[in-house]
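Enquirer: Compute the structure for the input listed below.
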Amino acid sequence: MAAEQKPEWNGGELLFAGGTDWAMDVKIAFIAAGSAAAHCIVGDVNGVCYTWGRNERGQLGHGDLLQRSAPTVVAGLTGQHVVAAAGGKHHTVVVTKDGHSFAFGLNSQGQLGIGSIKKTKATPEDLQLSPVKALVDNAAKVSCGADFTAWLSKTGQVWTAGNPQYGQLGGGTDHMYNAKDTSIKIMYEPQPTPRAVEGLLGVTVKQVVCGHSHSLALAEGGGAYTWGNGNYGKLGHKVQQDEMKPRLIESFRGRMLALPEGVCGAGGTSTFCVATGPQLYAWGKLKVSGDNATHPMPLEDLSGWNLRSLSCGPGTFAVAADNSVITWGAATNGELGYGPSGKKSSARPDKCMALEGMSTQQVACGVGFTLFLTEPTADKLAKFPVYEPAVAVEEAKGGGDDGETAAGGSSKAAAAKGAGAKRKGAAAGGGKGKKAK
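Expert: Sure, this is the predicted structure:
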């Protein structure tokens, strides 16, 4: 797993595994989702942003609550060059080339970071159906938890907004109060205005990633900090307790330091980063059965690989490494990409054989799906079957609980001004991954 010099990325093909499997004719620069997201966000090399999937709270940003089964341009971002994005359970946040940030979807916890929460008896939920500007400038990256958001500035500072219940905002408090005078009704005051995470002031952060209700920051110099919900030991501090502000993981000190630019990820119950070696470490609940890892443990199955990208869903994981994609976890909709005749879940990392030999640049996991961004010149791309969704736009379904899947259908060609047309089909059968020497 030696350090790999990253060549200039000029865009590639988008593939999707889960409810559907996609590829688009436009050159895609980045892909994004989130461990609690049942919708997809991608950006092309021209900065155009596309979304599709569930939309019951307006998280697609198209000005309505209609579910999209094909990539659709977010018209409200016309004129903006989008370079990064992330999805929460019911919200989406993007970052532009000039450092601005825009958000859309549910804002009941202030997770959009727009400075206020607007709701009345007639409209009890604050829904922003089209992009609105977040109160963050000089942004470089963004990550979303279920109902909170963390931005990383170009100067290495972390800002957060949203639900503070488990300390996931890193501000040192959960904002708890009693909403009743004569009885007990515990509430948590939302934070709609982004604030700098004070515990990281003076630290230059290189990466920040959010799970459902916790966060990980990797700092210059090799420090790894976590905060938020501590269930399953996913904060890595050898105890299962919440942390209201960033706490340095003791495992990554001295001779073993976290690599600030190494791959990292946070999911519903677990956390990952690369440390000295280089070696990928994981902690939290990593399998459906078995004990939790309350401190970082080496993931030996991925020793020796050149890791390029890592992403976590609620309980699924994907890694792009060398000319392979490796997936594992408790899957329900084929999101591991093992194919219709392959196994549905895998307790250990295993190769996605349909992508074997292809250079996959990025992976992005969500609820019931995985996105893969591959080199556009791969010969295998021509062999993927094409499917057209029966319905491209329809009424949103259900309430978007964590167990529900994203919208069906997928697309190969997404027109620049609306819903896409075609899609390329599912990844083929599995096959055992290797443990590198």
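Enquirer: any low-confidence regions in the protein?
Expert: Where the chain drops to pLDDT under 70, the residues are 1-7, 9, 12-13, 15-25, 378, 385-387, 397-437.
Enquirer: most distant residue from the middle of it?
Expert: Ranked by distance from the centre of the chain (CA atoms, centre = their mean), the top residue is residue 182, with 41.9 Å.
Enquirer: Which residues are in contact with it?
Expert: With contacts taken as CB atoms under 8 Å, 6 or more residues apart in numbering, residue 182 has no neighbouring residues. Where C-beta positions appear, they are placed from N, C-alpha and C, glycine not excepted.
Enquirer: Remind me which helix or strand it belongs to.
Expert: According to DSSP states H and E, residue 182 maps onto no helix or strand at all.
Enquirer: What values do phi and psi take at it?
Expert: Backbone geometry at residue 182, expressed as degrees, to the nearest 10, gives phi -110, psi 0.
Enquirer: Residue 353 too?
Expert: Torsion angles, degrees, to the nearest 10, at residue 353: phi -70, psi -20.
Enquirer: How much space separates it from residue 108?
Expert: 43 Å (CB to CB, to the nearest Å).
Enquirer: could you dump stretch 227-234 to PDB, C-alpha only?
Expert: Taking Å, rounded to 0.1, in the frame of the first residue of the first chain, the C-alpha atoms of stretch 227-234 are listed here in PDB:
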ATOM      1  CA  TRP A 227     -16.300  13.200  18.100                       C
ATOM      2  CA  GLY A 228     -20.100  12.600  18.300                       C
ATOM      3  CA  ASN A 229     -21.900   9.400  18.900                       C
ATOM      4  CA  GLY A 230     -19.700   6.800  20.500                       C
ATOM      5  CA  ASN A 231     -21.900   3.700  20.100                       C
ATOM      6  CA  TYR A 232     -20.100   0.500  19.000                       C
ATOM      7  CA  GLY A 233     -16.700   2.200  19.900                       C
ATOM      8  CA  LYS A 234     -16.700   3.900  16.500                       C
END
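Enquirer: Spell out, range by range, the strands that occur in the stretch 301-437 of the chain.
Expert: If DSSP state E, counting those that start in this stretch is used as the criterion, the strands of the stretch 301-437 of the chain fall at 307-312, 316-321, 324-329, 346-351, 360-366, 369-374, 386-387, 393-395, 423-424.
Enquirer: so which of those gets nearest residue 55?
Expert: Residue 55 lies closest to strand 393-395 among these, at 9.4 Å (CB to CB).
Enquirer: which other helices and strands contact the closest one?
Expert: With contacts defined as 3 or more CB pairs under 8 Å, 6 or more residues apart in numbering; DSSP states H and E, strand 393-395 has these neighbours: strand 66-73.
Enquirer: now the following helix or strand past the strand it packs on, how far from the chain's geometric center?
Expert: Once strand 66-73 ends, the next helix or strand along the chain (criterion: DSSP H and E) is strand 82-87. Put simply, strand 82-87 sits 10 Å off its chain's centre (CA atoms, centre = their mean, to the nearest Å).
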